[in-house]
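In: generate coordinates for the sequence data below:
(one chain, ligands or ions: 3)
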Amino acid sequence: MTTYRIALIPGDGIGPDVTAAAWSVLEKVADKTGFTLEGEEFPWSCAFYKETGTMMPADGIETLCGFDAILLGAVGWPAEVPDSVSLHGLLLPIRKSFVQYANIRPHRLLPGVKGPLRSDGFDILCIRENTEGEYSGAGGRVHQGTADEVAVETSIFTRTGVERILRFAFEQARARRGKLASVTKSNAQKYSMVFWDEITRKLAGEYADVEVTSYHIDAMAARMVMAPESLDVVVASNLFGDILTDLGAAIQGGLGFAASANINPDRSAPSMFEPVHGSAPDIAHLGIANPIAAIWSGAMMLEHLGEKAAAGAIIAAIERTTADGIGTVPGKDRTEAITAAILAQL
Ligand code: NAD
Ligand code: IPM
Ligand code: MN
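Out: Ligands and ions are numbered 1, 2, ... in the order given. This next block holds a predicted model:
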């Protein structure tokens, strides 16, 4: 029987609740399908930081290296640890160290879910560059605390980085409805974004079967609200993709529905699966976090591991659950009730 070793990082706030929910669904589907998931949990979080002074041990990345995949809940507890410390100590180093350069985020309405804009009719796959760009971490502050203080944070766009994410997005578009929207801001940012547009045009020649259109980020934000049905695959830089995927989450009914996969396409290191949302301090401990985003992310993990039938079974169980009106309205059903309904459907 195939065994997959999964590293579990539940993290902070609602992270542990939604990760436990996802894990129970994953274990059930593994049992029914006939493969084994061997999970090992790591307590790396803001609480861990308060105890040890680091978000993960010095050999944390090395430890994770031996796993087939990573399932993460959410990281961040800003009341006690600055976000810039917690995220740069755990989530962002994993994405970068494991070259998880493609962040895949699907946005569509599940049956029975009413978005704030419409109740059906769009199916968008956002592909977010996940290792460089605005999140390069290059920069610094000088003359700190004085009137002459300067803060610099430099975006880094490399030919390798831009070309590989665009190729990945072209491939996704080719496998779907053949439409790619490339998002930049090349009217204002005349170096990096013009560079991105140039590479997009160059690759378009190789993917003649894909219809590619370049949009500015501001116009794309409006389009996702006004005409989401006109979009298929959307590719954007790290920060633009971050913002657009919270917008995508909103039009699909809320952050509790938005799943994501941080993929290392070369499979030279583990990929990581996590919901788009954060630790939601405002509802942590209330037991009302929607676990669907985390469970859907778990399905994306199985898909990546090659367990396509099991992944499909999870998505079908989620869809039957929301079609029954369970988990469709934020706060209406408890995390445990939504999870139990999905388990029952399985
Ligand atoms: P957030 O996504 O945690 O919450 C935004 C809003 O969405 C809140 O009102 C929250 O209650 C709601 N929400 C989020 N997930 C939900 C769910 N599953 N069910 C129901 N409602 C849900 O964003 P934030 O408040 O900006 O960030 C909180 C913390 O999480 C910060 O420390 C932030 O840096 C961190 N964060 C981490 C990740 C991650 O680990 N991937 C992602 C985003 C934010
Ligand atoms: C996300 C999150 C992270 C990001 C934060 C927590 C650093 O918002 O995964 O969307 O911006 O990538
Ligand atoms: Mn985000």
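In: burial measure for the residue of the stretch 201-346 of the chain found nearest ligand 1, as a count.
Out: Per CB to the nearest ligand atom, residue 278 is where the stretch 201-346 of the chain lies closest to ligand 1, at 2.3 Å. Every C-beta, even on glycine, is put in place using the N, C-alpha and C of the backbone. Other residues within reach of residue 278, judged by other CB atoms under 10 Å, total 23.
In: and it, what does it touch?
Out: 13, 74-76 (CB atoms under 8 Å, 6 or more residues apart in numbering).
In: same check, this time on residue 128
Out: Contact analysis of residue 128 by CB under 8 Å, 6+ apart lists 102-105, 235-238, 240-242, 244-245.
In: neighbour-wise, which of the contacts of residue 278 leads?
Out: Highest count within these by other CB under 10 Å belongs to residue 74, 30 neighbours.
In: what sits against it?
Out: Neighbour list for residue 74: 11-15, 18, 274-275, 277-280 [criterion: CB under 8 Å, 6+ apart].
In: dump the contacts of residue 278 into a markdown table; add secondary structure, distance to ligand 1 and pLDDT as well.
Out: Output for the contacts of residue 278, formatted as a markdown table (DSSP: H, G, I helix; E, B strand; the rest coil; distance: CB to the nearest ligand atom, whole Å; pLDDT from 0 to 100):
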| residue | secondary structure | distance to ligand 1 | pLDDT |
| --- | --- | --- | --- |
| 13 | coil | 7 | 98 |
| 74 | strand | 4 | 98 |
| 75 | coil | 4 | 98 |
| 76 | coil | 2 | 98 |
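In: what two of these are the furthest from one another?
Out: The distance between the two most remote of the contacts of residue 278 (CB to CB) is 8.9 Å, for 13 and 75.
In: give me the common contacts of the two.
Out: Common neighbours of residue 13 and residue 75 (CB under 8 Å, 6+ apart) are 278-279.
In: which among the contacts of residue 74 are in contact with ligand 2?
Out: Residues of the contacts of residue 74 in contact with ligand 2 (CB under 6 Å from any ligand atom): residue 278.
In: secondary structure added to the contacts of residue 74, as CSV?
Out: Below are these laid out as CSV (DSSP: H, G, I helix; E, B strand; the rest coil):
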residue, secondary structure
11, strand
12, coil
13, coil
14, coil
15, helix
18, helix
274, strand
275, strand
277, coil
278, coil
279, coil
280, coil
